[in-house]
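Trainee: one predicted model, sequence on top.
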Amino acid sequence: MRICDAHADTLYNLVTAPGRPTDLTMDRLQKGGVSLQTLAMYVGPKAPLEEVEQLFSRMLEAFEGLKRQGWVQAFDPSEAVSGEVRFMLSIEGCEVFERGLETIGRYRELGVRMAAVTWNHENALGTPHCVNATDGLKPFGLEAVREMQRQKIAVDVSHLNEGGFYDILNKTPVPPLASHSCCRALRDHSRNLSDHQLRDLFSAGGFVGLNFYPAFLTDGRCTADTLLRHFDHLLEMGGEGKIGFGSDFDGIERKPEGLEHPGDYPALIEALRGHGYDEKTVSDIAGEALISYFGRL
């Protein structure tokens with residue numbers, strides 16, 4: 001089985017809090033059977049573009065250091081192999097594209113395969129969920145999204161507001177993904193996707209990786225059963241073969257009980273089976289759905 005995770009913030013932690021333990025370690029990834037771990041280059045708090053570029057350079061340097069230690073980079077999810085761990089780059093907050101569309105190609109050459117238009121502050125491309133729901137993509141944002149799609153970089157709508165979400169669905173040719181998002185019907189938070197968004201995203205051929213952050217999953221106790229309720233709802237919205245994991249490890253201070261780090265994935269896989277999902281559904285959620293999504297880009 002290939003287990004794929006669409007989002008973790010490990011690189012940011014390595015450069016901003018060196019020496020602090022991370023959720024992701026090679027031992028834990030191997031114990032958990034993870035085949036593909038996406039590592040996000042996270043924009044961090046709002047800052048001048050020069051500082052953002054410096055931060056991204058440091059994260060790239062940290063990744064090169066990990067590769068020297070034996071971490072293997074994947075340039076496409078199809079490279080995931082059961083029993084091996086590979087790592088793919090993504091971006092969370094596209095400020096680094098603001099110097100011009102040509103920057104997108106440079107990051108693509110470095111292996112970036114998905115990019116979230118915004119984090120939690122407005123940029124030259126669009127507006128996040130926490131500012132307002134209505135503003136669409138900015139003119140440069142629409143150009144950048146189309147260029148990302150041309151370069152086969154998956155456009156990530158996690159953190160983006162509804163106006164921008166629908167601009168991507170309605171004005172561009174390639175379905176986006178939400179790398180680490182949850183269901184608003186089960187937890188009423190602007191960071192989560194509404195049923196309308198989920199149906200339209202799945203109908204278009206998109207993908208959702210479920211975020212493990214308890215605050216986005218429930219206002220009560222958070223366990224594997226909480227995640228299963230969200231998976232049930234995603235399937236009800238049309239997500240068969242289009243949903244998976246988007247843990248947000250190293251980006252969240254709390255986790256569901258029994259799911260503290262990637263070494264706990266086997267227990268989650270068994271919970272999916274115990275819930276009554278057939279083996280194809282379990283395999284899709286574990287990783288095959290993410291791999292299939294990239295085949296549609």
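Mentor: Perfect, thanks for sending it. Residues are numbered from 1 along each chain as shown.

Trainee: tell me the contacts of A204?
Mentor: Taking Cβ atoms under 8 Å, 6 or more residues apart in numbering, we find A204 in contact with 169, 175. For every residue, glycine as well, the C-beta is placed using N, CA and C.

Trainee: so what does it look like in phi/psi?
Mentor: Backbone torsions for A204, taken as degrees, to the nearest 10, come to phi -80, psi -10.

Trainee: in terms of pLDDT, where does it sit?
Mentor: On the pLDDT scale, A204 is placed at 98.

Trainee: what's the answer for K242, then?
Mentor: 98.

Trainee: which of the residues in stretch 25-36 are buried?
Mentor: For stretch 25-36, a neighbour-count test (16 or more other Cβ atoms under 10 Å) marks 28-29, 32-36 as buried.

Trainee: convert it to CSV, retaining C-alpha atoms only.
Mentor: The C-alpha trace of stretch 25-36 is given here as CSV (Å, rounded to 0.1, in the frame of the first residue of the first chain):
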residue,chain,number,x,y,z
THR,A,25,11.3,11.9,11.3
MET,A,26,12.6,9.3,8.9
ASP,A,27,12.1,6.6,11.5
ARG,A,28,8.4,7.6,12.0
LEU,A,29,7.7,7.8,8.3
GLN,A,30,9.2,4.4,7.8
LYS,A,31,7.3,3.0,10.7
GLY,A,32,4.1,4.5,9.4
GLY,A,33,4.6,3.1,5.9
VAL,A,34,4.6,6.5,4.3
SER,A,35,5.6,6.4,0.6
LEU,A,36,5.2,10.1,-0.3
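
Trainee: what is the burial count for E279?
Mentor: Per other Cβ atoms under 10 Å, the neighbour tally for E279 reads 10.

Trainee: the closest residue to it other than its chain neighbours: how many residues sit nearby?
Mentor: Distance criterion Cβ to Cβ, 6 or more residues apart in numbering; nearest residue to E279, sequence neighbours excluded, is R273 at 7.7 Å. Applying other Cβ under 10 Å, we find 12 residues neighbouring R273.

Trainee: so where's this protein shaky on pLDDT?
Mentor: Residue ranges of the chain with pLDDT under 70: none are present.

Trainee: would you map the helices across it?
Mentor: 10-16, 26-32, 49-68, 102-109, 139-150, 162-171, 195-204, 214-217, 224-236, 265-274, 279-283, 289-295 (DSSP state H).

Trainee: adding distance to P77, write those helices out as CSV.
Mentor: Converted to CSV, the helices of the chain look like this (distance: least, Cβ to Cβ, whole Å):
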stretch, distance to P77
helix 10-16, 18
helix 26-32, 16
helix 49-68, 17
helix 102-109, 15
helix 139-150, 16
helix 162-171, 20
helix 195-204, 18
helix 214-217, 24
helix 224-236, 19
helix 265-274, 17
helix 279-283, 14
helix 289-295, 4
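
Trainee: what's the closest of those to F75?
Mentor: With respect to F75, and counting by Cβ to Cβ, the nearest of those is helix 102-109 at 9.5 Å.

Trainee: what does that closest one contact?
Mentor: For helix 102-109, the external contacting residues (Cβ under 8 Å, 6+ apart) are 91, 96-97, 115, 144, 147-148, 151-153.

Trainee: circling back: need the buried residues of stretch 25-36 in CSV with distance to G206, can you?
Mentor: Shown next, in CSV, are the buried residues of stretch 25-36 (distance: Cβ to Cβ, whole Å):
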residue, distance to G206
R28, 29
L29, 26
G32, 26
G33, 26
V34, 23
S35, 22
L36, 18
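
Trainee: V85: which of those is nearest?
Mentor: Using Cβ to Cβ, the buried residues of stretch 25-36 come closest to V85 at L29, 4.7 Å.

Trainee: my read: that closest one touches D264, true?
Mentor: No - contact criterion Cβ atoms under 8 Å: L29 and D264 do not qualify, at 11.3 Å.

Trainee: now E61, nearest residue through space, not along the chain?
Mentor: Here the residue nearest E61, using Cβ to Cβ, 6+ apart, is V15, at 7.9 Å.

Trainee: for the one you found, what are its contacts?
Mentor: Counting by Cβ under 8 Å, 6+ apart, the residues that V15 touches are 55, 58-59, 61-62.

Trainee: again, only this time at 7 Å
Mentor: Contact analysis of V15 by Cβ atoms under 7 Å, 6 or more residues apart in numbering lists 58-59, 62.

Trainee: tell me the contacts of the residue nearest the centre of the chain?
Mentor: Against the mean C-alpha coordinate of the chain, by Cα atoms, centre = their mean, the closest residue is S179 at 2.6 Å. Residues counted as contacts of S179 (Cβ under 7 Å, 6+ apart) are 6-7, 90, 114, 116, 156, 158, 209, 246.
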